[in-house]
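In: Sequence first, then the predicted structure:
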Amino acid sequence: MKKPTPSSTRRTVTGAAALAGLALNALAGTDQPATESGAPLTTAWAKPSWLTDVSAGLRETYDDNVLLVSGNGPMKPQSSLVTAVSGKLGFNFAPLVGEQSPFQILSFAYNPEFDAYHNAPDETFSSHRVTDTIKGAYGDFSFNVDNAFGYVDGSDTAPTYLGDDKYRSGFASVVAKDRREQIQERTKAVLQYDINSFFIRPTACLLAFDMMTDLKPTAGYQNYPSRYDVNGGLDFGYHIAKDLAVTLGYRYGHQYQQMLPEYIDDTQRESGSDYQRILLGLEGKPWTWLTFAALGGPDFRSYDSTAAIADRNDITYYGEASATATITANDSLSLKYKQWRWVAYTGRVPYFDSNYELTYHRKLTEQLSFDLTGRIAEYDFTCGSDPAKGSNKRNDYLFSIAPALTYAVTRNFSVTASGSIDFGRNAQDDAPGSQYREFDHNIASLAATYKF
């Protein structure tokens with residue numbers, strides 16, 4: 001046998017030491033390779049500045065009521081274990097175009113997720129979401145375009161609700177809808193021109209759901225029509241302080257709701273409309289610890305003669321707000337709010353969609369953090385009118401509380417334990433089948449994420 005040379009022996013010892021150092025660093029939370037002394041090497045691979053996200057995740061969930069039924073009818077709550085595998089790949093190409101470029105962000109991200117419902121295979125789906133952002137400034141002009149495109153590869157057959165379960169909560173239908181085959185798109189584009197303390201801001205928005213599920217006349221089968229909302233307009237703003245501005249805006253838009261085939265709905269009703277909004281807003285940082293944006297105002301609707309609504313020229317309300325408060329170095333609160341008239345995902349009628357969400361974040365230690373989210377949502381369908389049944393008596397509430405605890409094992413690897421407790425409740429005393437419209441729903445999850 002050939003005797004090892006001193007240099008080969010040194011290489012072997014050096015390699016073993018480096019591997020041992022790497023193992024020790026991994027246990028200690030250091031992700032770089034090490035030298036013989038155990039110090040991190042400066043030659044370790046690092047993500048380039050344009051590569052913003054490379055991650056993979058695994059989540060196990062227990063869901064005790066997959067279709068959110070009440071349990072009072074022939075359908076009983078069905079539970080299931082759910083395994084989700086996800087990933088994310090994100091880029092920001094702005095650093096590649098140079099510091100003199102007007103672009104601050106040129107981002108693109110792809111986020112696939114595969115969800116397997118072990119005890120409810122019809123609910124298994126995968127989602128493929130692509131997001132991109134273009135943000136920048138040139139002189140007195142600034143611009144921002146955000147786009148989120150999603151394809152859900154799920155069942156093309158919607159749920160069939162048996163007997164009196166047809167009176168289920170509106171929140172039950174929408175949760176099942178989100179797991180069906182469809183294309184979703186959300187886009188917002190903003191251009192702003194600043195003139196001293198004033199600014200002018202053209203804006204445009206799109207929200208679209210292209211549903212690909214089968215449409216059937218079967219009793220109890222849930223048909224999901226396609227729908228979209230598109231609008232554009234202009235804001236005039238004035239800075240009442242350095243970081244705080246008031247705005248007055250106008251929007252003109254259109255909502256579309258697919259009409260169900262005559263063999264399913266012989267009334268041939270849909271509730272698309274044109275609308276105009278006058279919006280008063282306040283945005284900016286009134287204090288260093290608070291970032292705030294809100295706008296709201298009257299919404300003037302114009303429906304055609306076939307719409308399933310009594311008032312063809314209705315005046316309703318639109319409002320939205322977001323706020324983030326940094327209470328201490330370790331505590332923060334965030335608020336989201338929106339109320340608006342939208343077209344129903346079940347066809348025919350419009351409804352009033354309201355959502356209030358408050359999240360508390362607490363950094364317990366350098367590695368451990370806690371989040372608690374509370375939500376109140378309402379789907380009020382009473383503005384609709386079915387010619388065969390008169391006014392629509394449906395008004396559903398959802399109350400949710402969702403805690404989450406995240407532990408950063410290393411700089412790259414984290415584990416999250418989370419849950420959600422949901423209560424669906426009926427708010428319309430004279431609603432038919434009101435006992436079938438209320439449900440309880442509990443979710444418990446354990447997830448692991450590794451960021452490269």
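Out: Looks like it arrived, so ask away.
In: Counting neighbours, what do you get for the residue lying closest to Ala158 once chain neighbours are set aside?
Out: Nearest non-adjacent residue to Ala158, counting by Cβ to Cβ, 6 or more residues apart in numbering: Gln222, 4.4 Å away. All C-beta atoms are positioned from the backbone trio N, CA, C, and that covers glycine. Using other Cβ atoms under 10 Å, Gln222 has 23 other residues around it.
In: Look up how far Thr365 lies from Gln222.
Out: 46 Å (Cβ to Cβ, to the nearest Å).
In: same thing with Gly297?
Out: Relative to Thr365, and taking Cβ to Cβ, Gly297 is found at 45 Å.
In: next one: Lys338
Out: As for Lys338, its distance to Thr365 is 34 Å (criterion: Cβ to Cβ).
In: These two - which one has more neighbours?
Out: It is Lys338, of Lys338 and Thr365, that has more neighbours when counted by other Cβ under 10 Å, with 16 against 9.
In: That one contacts Glu357, doesn't it?
Out: No: using Cβ atoms under 8 Å, Lys338 is not in contact with Glu357; the gap is 9.1 Å.
In: what about the helices in the stretch 201-350 of the chain?
Out: Assigned by DSSP state H, counting those that start in this stretch, the helices in the stretch 201-350 of the chain number zero.
In: And the strands in it?
Out: Per DSSP state E, counting those that start in this stretch, the stretch 201-350 of the chain carries strands over the ranges 227-241, 244-257, 273-287, 290-303, 315-326, 331-343, 350-363.
In: got TSV for the ones you listed, with distance to Val145 too?
Out: Below are the strands of the stretch 201-350 of the chain laid out as TSV (distance: least, Cβ to Cβ, whole Å):
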stretch	distance to Val145
strand 227-241	13
strand 244-257	18
strand 273-287	19
strand 290-303	18
strand 315-326	19
strand 331-343	21
strand 350-363	24
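In: and of those strands, who's closest to His128?
Out: Nearest to His128 among the strands of the stretch 201-350 of the chain is strand 227-241 (19.9 Å), distances taken as Cβ to Cβ.
In: What helices and strands are in contact with that closest one?
Out: strand 198-211, strand 244-257, strand 273-287, strand 331-343 (3 or more Cβ pairs under 8 Å, 6 or more residues apart in numbering; DSSP states H and E).
In: same thing but at 10 Å, please
Out: strand 182-195, strand 198-211, strand 244-257, strand 273-287, strand 331-343 (3 or more Cβ pairs under 10 Å, 6 or more residues apart in numbering; DSSP states H and E).
In: what comes up buried for it?
Out: Arg227, Tyr228, Asp229, Asn231, Gly233, Asp235, Gly237 (16 or more other Cβ atoms under 10 Å).
In: pLDDT at the last one, what is it?
Out: Translated: Gly237. Here, the pLDDT recorded for Gly237 equals 98.
In: Check the first one too.
Out: pLDDT recorded at Arg227 is 96.
In: ok so, going back, quick one: the helices and strands packed on strand 227-241 as JSON lines, columns for distance to Ser86 too.
Out: As requested, those are exported to JSON lines (distance: least, Cβ to Cβ, whole Å):
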{"stretch": "strand 182-195", "distance to Ser86": "17"}
{"stretch": "strand 198-211", "distance to Ser86": "22"}
{"stretch": "strand 244-257", "distance to Ser86": "32"}
{"stretch": "strand 273-287", "distance to Ser86": "33"}
{"stretch": "strand 331-343", "distance to Ser86": "23"}
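In: mind putting those strands in CSV, mean pLDDT and distance to Glu123 included?
Out: Shown next, in CSV, are those (pLDDT from 0 to 100; distance: least, Cβ to Cβ, whole Å):
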stretch, mean pLDDT, distance to Glu123
strand 182-195, 98, 14
strand 198-211, 98, 16
strand 244-257, 97, 25
strand 273-287, 97, 33
strand 331-343, 97, 24
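In: okay, stretch 196-207 in CSV with CA atoms only?
Out: The C-alpha coordinates for stretch 196-207 follow below in CSV (Å, rounded to 0.1, in the frame of the first residue of the first chain):
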residue,chain,number,x,y,z
ASN,A,196,-44.4,71.2,-4.5
SER,A,197,-46.9,70.2,-1.8
PHE,A,198,-49.5,68.9,-4.3
PHE,A,199,-49.5,65.7,-6.4
ILE,A,200,-51.6,64.2,-9.1
ARG,A,201,-52.0,60.4,-9.2
PRO,A,202,-53.6,58.4,-12.0
THR,A,203,-54.5,54.8,-10.9
ALA,A,204,-56.0,51.6,-12.3
CYS,A,205,-57.0,48.3,-10.7
LEU,A,206,-58.1,44.8,-11.8
LEU,A,207,-59.5,41.9,-9.8
